[in-house]
Structures are given as C-alpha cells and as structure tokens.
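> Test case, fold it:
(4 chains)
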Protein chains: 2
Amino acid sequence: MASGVATNRVVADGPPAGDPRAAAGSKAAYPQPTTARPAPRDHTARAAEIIDTARALLEEIGPRGLTMRKLADALGMRAPSLYKHLPSRSALEVALVEHGLDEIGGALHGALAKSTADPIGALLDTYRSAGLANPQLYRLVTASSFPRGQILDGLEAWAGEPFFLATGDSHLAQALWSFAHGTLILELDGRFLGGSDLDRTWQAGAKAFKAACDASNPGGVTSPASD
Amino acid sequence: MASGVATNRVVADGPPAGDPRAAAGSKAAYPQPTTARPAPRDHTARAAEIIDTARALLEEIGPRGLTMRKLADALGMRAPSLYKHLPSRSALEVALVEHGLDEIGGALHGALAKSTADPIGALLDTYRSAGLANPQLYRLVTASSFPRGQILDGLEAWAGEPFFLATGDSHLAQALWSFAHGTLILELDGRFLGGSDLDRTWQAGAKAFKAACDASNPGGVTSPASD
DNA sequence: CAACGTGGCTAACATTGTTAGCCACGCCGC
DNA sequence: GCGGCGTGGCTAACAATGTTAGCCACGTTG
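This next block holds a predicted model:
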C-alpha cells in the first residue's frame, strides 16, 4: 500500500481500437495524436501565484527543502495561511506535477509535429532538454512516492503518447520511454561516471531503438541508422 | 546541494587502461571482471541485527514508513537507543543500500559467469528479478535524494561493471543500464498501463540492445537477434 | 450600517530525527 | 569481594515538519 494504487499511467497501449487516422495519416507517415490534451485544472489567482512561487522554490532547494513554512516565507506570509488556498502540501505537489507533465507533454508532441525525419531522435532530445531545464520538477514528477492517483485524468497518457506515435508499437514505446527516463534520471542524479560523454550514451540508445523500430516496422519513416 | 556531490558512480568507463585480460579472455569471449568486490562494511552484532530488522521493515512499509521509532518498536526498544549502535538514520540507509548493491551486483556478476550465450538477456532478467524481489530496497538504492557519497568506495562501480562486461562498450553499457533501471523503476511504481505485458516490453529493449551490441562488436558473442 | 465571506494571523498538536542525561548490569583489576 | 567503568538501555526534551483551531481586520453587499 505504500505506493498507492496507480490508476493513471503514461504510455497508453496505443490509440483506441479502430481509429482511422492511426493507419491513414495524410501528411506524416507515423500515426497522428488521438489522445486529447486535458485542460489544466482551475486554480484561484492566489493559488496560482503560490504554485508558481513553489515551482521556483522547488528548483532552488529541491523537493525535500520545499517546506510549507519556507514557501510561505517566500510569499511574505505564514504557513497556515497557505491552507486558505490549497488543501494540503500533497495537493501542491499534484499541481506542480501536473504543470510538469503538461509542459513535457507539450514539448514532446511539438517535437513530433515538427520533425518527421527522425522522430525518435527528436523525442529523446526533447525529453532530455525538458528534464535538464527543470531537474527538480522532473524528479518530483517521477518520484516513486508520489500519489499518482490524484493526477488529472488522462494527463499522463497524453504526455506519454508521443512515444507510441514515434515507434508505432506499444512495447517498443514503453521500452523507449523506459530508456529515456532511466538515462535522464541517472544523468540528473549524477550517477554516471564523471568523465562520461553523456551525449554519446543518449546516442547509443537512440541508435539501438531506431534500428529496432526500423526492424519492427519495415519501410517506415524512421531514418536508417544515421550515426 | 540537495542531491549532494556524487563521487562514486555505477558503470565505470571500462576496465583500467592496459588490462590484458580485457582483450585476451581465455574461455569467454567477453571481457572478464576487473573490479574487485569491496568487502562489506563491518558492523557490531547488534548493529547487524538492527539493519536486518530495518530491511524487513523496509519491505513491509516502505522507505517513508520506516521510522526510527517503528524500527525500535520492532526490536523491542526505544528510538534513542538505536543511536547507541548507529550514528544516524542516514547511516542506516547507507547500510541498507550497501546491502542491496552487494546483492544485486553479486547476482549480475553471477549471471554473466553462468550464461555466455546471451549475456544481455541474462543480465536484464537478473536485474529485473533482483528488483522485483526487493522492490522497496531497490527504490531506496536508486532514490534521488540519497547521499551517495557515503557509500563504500568502489561498490557501485563493481555492481555496475557487468553492464560493461556484457556490452564491451562503455556508452552502450550506460545506455543498457539506463534502460534496465528505467524499466524496472517504472514497473515497480506501476507506471505502465494496467494490461501491458511487461515481459514483452523488456524483450523489446533486450532485442534492441542485443542488435546494437552485435553491430558495434561484429563477430562478438551476443547471439543473433533471437527474439 | 450590519452581516459576512476572504484571507491573513497566533497558538497548538502530533510526528519526525536527534541529543542530553540518567542508570542498571556485567566484567576487570586490585 | 569490590570499586570503577564501559555497554546499552531508558526518559525528557528540542527543533522542524505538516496541519488544525480559533481569532480578527478588511472589503463588499444587502
């Protein structure tokens, strides 16, 4: 029970059965998005202000340092007053995570919309950039202990959809996402050897998955191993 | 400073330069281990008892639930008495993590020693099994917030070495490790879609990396894509 | 002008890790 | 035998955490 029951997941098993666009895309040769982008949750103006401040503070001092009293301090008020605008610290985290998922999902969908030549490479680059730009937020979004059940319905699925769109296969999509997340979190946590050239680590994975994608999807759009 | 300065890392950049065994292995065609297994840290008998209890409790109630008072309760004593045997809760976590790294590293090295036919497949299977057998310990070992600098010198490098041994290339090794960690932590956290067949997700990644390994190491030992 | 919702405050509580200080017990040297 | 002392337990207490209760000033609205 420690990690709760997760009802929302990233990387759907593919588009709903029988969707015509998935096979008959007009312009791009890979499937078109079929998941709707969930509308962001409504917050009071003051609540939004608090969440913004929390986000800035989060990047400064990390998830553990982000305490209700410090957050209140940064806003020129006392901790209990925060509860006039947010029900709990956990709700604040949910808001931050939803922010993060919306941003990262937007970036991934955007990357796929632009680059049709090398979707997997574009996806990985975008994923990595998004994480490096907001490391603490990325850590929070992917924290094991997070109460994932409270996140906006469909948000995680929408944010993860690009991995399916880029590979055309749900298991390859999950494997690619796993690689991206694993590499990013290990990079953020400084777990690779000091002198390592991480660009090449990402490239090694990208190359492997591009090849696997070509193999599972002959005549598809992913460019032949380009390295 | 939130995540500390990591001085020990997993997956070394390869064996020390000039090591003869790396190129001229006698029996197996892939490199032999060159990193020494660090001796476990010494603990008092009572300290070891505490650590064992902590480990059992960890799997029951998770890292966040594992509090000094609950641990003391489980041992029939009071929280402050724990400090007669361990300097801090953080030191306890370090001990648990070292336990975990030693076990997982042992399993990985063992797997490579047995199976020379499909080292990458064996490695991934072993990694996954080890994590699924002790999910909370795995979470702790790979937690972002962990003070990694205090871990026994060389332990992480030794535990990660098999990834290099199996691939023969440091960047491919890091990418493979990233995939393994990413997939495992996402599986443990229940972040894949409910109905997903995770065996196939692992297989998809394994296949991609085996092919990449063959490509970067022609005539090597990894078996040709066997699905 | 009275009523009331909004949004701040202080005081306080439980839980966490942790420290200080006390004491019972068993072993060692005389 | 016995005094001293280290070992390992205890209670009391502190600071920091999330959170609740209860108070009050202010602006809007009937």
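
> CA atoms for contacts and neighbours, from now on please.
Fine.

> biggest helix in chain A by residues?
Criterion DSSP state H: the longest helix present in chain A is helix A:89-114.

> Give me the buried positions along it.
The neighbour-count check on helix A:89-114 (16 or more other C-alpha atoms under 10 Å in any protein chain shown) flags A:92-102, A:104-105, A:107-109, A:111-112 as buried.

> for stretch A:49-68, same thing?
A:50-51, A:54-59, A:62-63, A:66-68.

> In helices, which of these appear?
Filtering the buried residues of stretch A:49-68 for helices - DSSP H - leaves A:Ile50, A:Ile51, A:Ala54, A:Arg55, A:Ala56, A:Leu57, A:Leu58, A:Glu59, A:Gly62, A:Pro63, A:Met68.

> Return only those of these found close to chain B.
A:Gly62 (C-alpha under 8 Å from any C-alpha of the partner chain).

> Farthest-apart pair in the ones in helices among the buried residues of stretch A:49-68, please.
A:Ile50 and A:Gly62 (16.3 Å; C-alpha to C-alpha).

> what does chain A have sitting close to DNA strand C?
Counting by C-alpha under 7 Å from any atom of the strand, the residues of chain A close to DNA strand C are A:Arg46, A:Gly76, A:Met77, A:Arg78, A:Ala79, A:Pro80, A:Ser81, A:Leu82, A:Lys84, A:His85.

> Apply 6 Å and report the result again.
Residues of chain A lying near DNA strand C by C-alpha under 6 Å from any atom of the strand: A:Met77, A:Arg78, A:Pro80, A:Ser81, A:Lys84.

> Identify each buried residue in the worst-scoring helix or strand of chain A on mean pLDDT, please.
Lowest on mean pLDDT, DSSP states H and E among the helices and strands of chain A sits helix A:198-216, with a mean of 93. Residues of helix A:198-216 classed as buried: A:198, A:201-214 (neighbour count, 16+ other C-alpha under 10 Å).

> Scan the residues of chain A next to DNA strand C and report the most crowded one.
Using other C-alpha atoms under 10 Å in any protein chain shown as the neighbour test, these are led by A:Arg78, with 15 neighbours.

> so what's it up against?
Going by C-alpha atoms under 8 Å, 6 or more residues apart in numbering or on different chains, A:Arg78 touches A:Arg69, A:Ala72.

> Any chance of the backbone angles for it?
Dihedral angles of A:Arg78 (phi, psi; degrees, to the nearest 10) stand at phi -100, psi 150.

> Equivalent analysis for the one 10 residues further on, please.
Backbone torsions for A:Ser88, taken as degrees, to the nearest 10, come to phi -170, psi 170.

> same question, A:Asp42
With angles defined as degrees, to the nearest 10, A:Asp42 sits at phi -80, psi 140.

> Return the residues of chain A in contact with DNA strand D.
Residues of chain A lying near DNA strand D by C-alpha under 6 Å from any atom of the strand: A:Thr67, A:Met68, A:Arg69, A:Ala79, A:Pro80, A:Tyr83, A:Ser88, A:Arg89, A:Ser90.

> on that earlier part again, out of the ones in helices among the buried residues of stretch A:49-68, which comes closest to B:Arg139?
B:Arg139 lies nearest to A:Pro63 out of these, by C-alpha to C-alpha, at 16.8 Å.

> how much space between that closest one and B:Arg89?
Distance of A:Pro63 to B:Arg89, given as C-alpha to C-alpha, to the nearest Å: 19 Å.

> what do you get for A:Cys213?
Noted for A:Cys213: a distance of 46 Å to B:Arg89, by C-alpha to C-alpha.

> A:Asp73 too?
Taken as C-alpha to C-alpha, the span from A:Asp73 to B:Arg89 is 29 Å.

> likewise A:Leu132?
According to C-alpha to C-alpha, A:Leu132 stands 30 Å off from B:Arg89.

> now A:Gly76
Distance from A:Gly76 to B:Arg89, by C-alpha to C-alpha: 34 Å.

> A:Lys210 too?
Separation of A:Lys210 from B:Arg89 (C-alpha to C-alpha): 45 Å.

> ok, now A:Thr67?
Distance check for A:Thr67 against B:Arg89: by C-alpha to C-alpha, it reads 20 Å.

> and what of A:Thr126?
38 Å.

> ok, the buried residues of helix A:198-216 vs DNA strand D, which is closest?
Nearest to DNA strand D out of the buried residues of helix A:198-216 is A:Leu198 (C-alpha to the nearest atom of the strand; 34.1 Å).

> A:Val201: what's it in contact with?
Not Val; residue A:201 is Thr. Listed by C-alpha under 8 Å, 6+ apart, the contact partners of A:Thr201 are B:His171, B:Leu172, B:Gln174, B:Ala175.

> now that we have those, which one has the most neighbours?
For these, the largest neighbour count, defined by other C-alpha under 10 Å, is 31 neighbours, found at B:Gln174.

> Mind giving me the packing neighbours of the helix or strand it falls within?
Assigned by DSSP states H and E, B:Gln174 belongs to helix B:170-188. Judged by 3 or more C-alpha pairs under 8 Å, 6 or more residues apart in numbering or on different chains; DSSP states H and E, the packing partners of helix B:170-188 are helix A:170-188, helix A:198-216, helix B:119-133, helix B:155-167, helix B:198-216.

> what distance separates stretch A:145-156 from the centre of its chain?
Centre-to-centre, stretch A:145-156 and its host chain are 12 Å apart (C-alpha atoms, centre = their mean, to the nearest Å).

> Revised request: answer the last question for stretch A:152-162.
Offset of stretch A:152-162 from its chain centre (C-alpha atoms, centre = their mean): 9 Å.

> and it with chain B, contact?
No. Stretch A:152-162 is not in contact with chain B by C-alpha under 8 Å from any C-alpha; minimum separation 8.9 Å.

> give the contact list for A:Ala180.
So A:Ala180 contacts A:Leu124, A:Tyr127, A:Arg128, B:Ser178, B:Phe179, B:Gly182 (C-alpha under 8 Å, 6+ apart).

> do A:Pro40 as well
Listed by C-alpha under 8 Å, 6+ apart, the contact partners of A:Pro40 are A:Glu98, A:Asp102.

> Assess the claim that A:Leu132 and A:Leu188 are in contact.
Yes. A:Leu132 is within contact range of A:Leu188, at 7.1 Å (criterion: C-alpha atoms under 8 Å).
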